[in-house]
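> Next input, structure requested:
(one chain, ligands or ions: 1)
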Amino acid sequence: MSLRYCSMAAVLVTGALLAFSAPVKAADKVCKLEIAGNDLMQYDKKELKVGSDCTQIEVTLTHTGKLPAAAMGHNWVLTKSTDVTAVANDGAAAGLPNNYLKPGDPRVIASTKTIGGGQMTSVTFPASALKKGESYTYFCSFPGHNALMKGTFSIG
Ligand code: CU1
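Numbers count the residues shown, from 1 in each chain. Below you'll find the predicted structure:
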């Protein structure tokens, strides 16, 4: 992975967080998760789990492959398990400029931008967006990828 891409991504992510996220309060517990995607259309994890004491959840996605985003782009999208297919179908139609998500889709709980090989990106969202007892799935919304690239997301 190129350090240069990493720091560029970090600047972009920081800018996006400043622009769109509420400020992180002192009492917040930020729980950090990492996942990677590769050129074989696979994530390296089938499930992600956070403790019930987290107030903010930060997910960092690294693309460990070499292919560009247009050919083998990956993102990380979190929805209720029942919403995966519909969100992915609408996302495929929205295209790469929209990170393969319908703009403003209310079913999307959290999502990163779509990246290519050697890049990384992250997203932070409040744990309060998740309800205990609900089933959540994360997936890549690049057309066709969620057949392989998905996993379960759980709290507590
Ligand atoms: Cu993907």
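
> three-state assignment of Val59?
strand (DSSP: H, G, I helix; E, B strand; the rest coil).

> List the residues that contact it.
32-35, 48, 76, 78, 110, 112, 122-124, 138 (CB atoms under 8 Å, 6 or more residues apart in numbering). Backbone N, C-alpha and C define where each C-beta goes, glycine included.

> ok, for it, nearest residue in space, not its chain neighbours?
Leu33 (4.9 Å; CB to CB, 6 or more residues apart in numbering).

> List the buried residues in the helix or strand where the one you found lies.
Assigned by DSSP states H and E, Leu33 falls within strand 30-37. Of all the residues in strand 30-37, those buried under the rule 16 or more other CB atoms under 10 Å are 31, 33, 35-37.

> for Asp39, helix, strand, or coil?
Taking three-state DSSP, the label given to Asp39 is coil.

> and the closest residue in space to it that isn't next to it in sequence, how many neighbours does it have?
Among residues not flanking Asp39 along the chain, Gly65 sits closest, at 3.2 Å (CB to CB, 6+ apart). By the measure other CB atoms under 10 Å, the count of residues near Gly65 is 20.

> now Thr152
Thr152, neighbours per other CB under 10 Å, totals 14.

> I'd guessed it sits against Lys46; true?
Yes - shown here, Thr152 and Lys46 form a contact pair, counting by CB atoms under 8 Å, at 7.4 Å.

> okay, stretch 143-154 in PDB with CA atoms only?
Provided in PDB are the C-alpha atoms of stretch 143-154 (Å, rounded to 0.1, in the frame of the first residue of the first chain):
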ATOM      1  CA  PRO A 143     -22.100  -3.900  -9.200                       C
ATOM      2  CA  GLY A 144     -22.100  -7.600  -8.500                       C
ATOM      3  CA  HIS A 145     -19.600  -7.500  -5.600                       C
ATOM      4  CA  ASN A 146     -22.100  -8.100  -2.800                       C
ATOM      5  CA  ALA A 147     -22.400 -11.800  -3.900                       C
ATOM      6  CA  LEU A 148     -19.000 -12.300  -2.200                       C
ATOM      7  CA  MET A 149     -18.300  -9.100  -0.400                       C
ATOM      8  CA  LYS A 150     -20.600  -9.000   2.600                       C
ATOM      9  CA  GLY A 151     -20.600  -9.800   6.200                       C
ATOM     10  CA  THR A 152     -22.500  -9.500   9.400                       C
ATOM     11  CA  PHE A 153     -22.200  -6.500  11.700                       C
ATOM     12  CA  SER A 154     -23.200  -6.800  15.300                       C
END
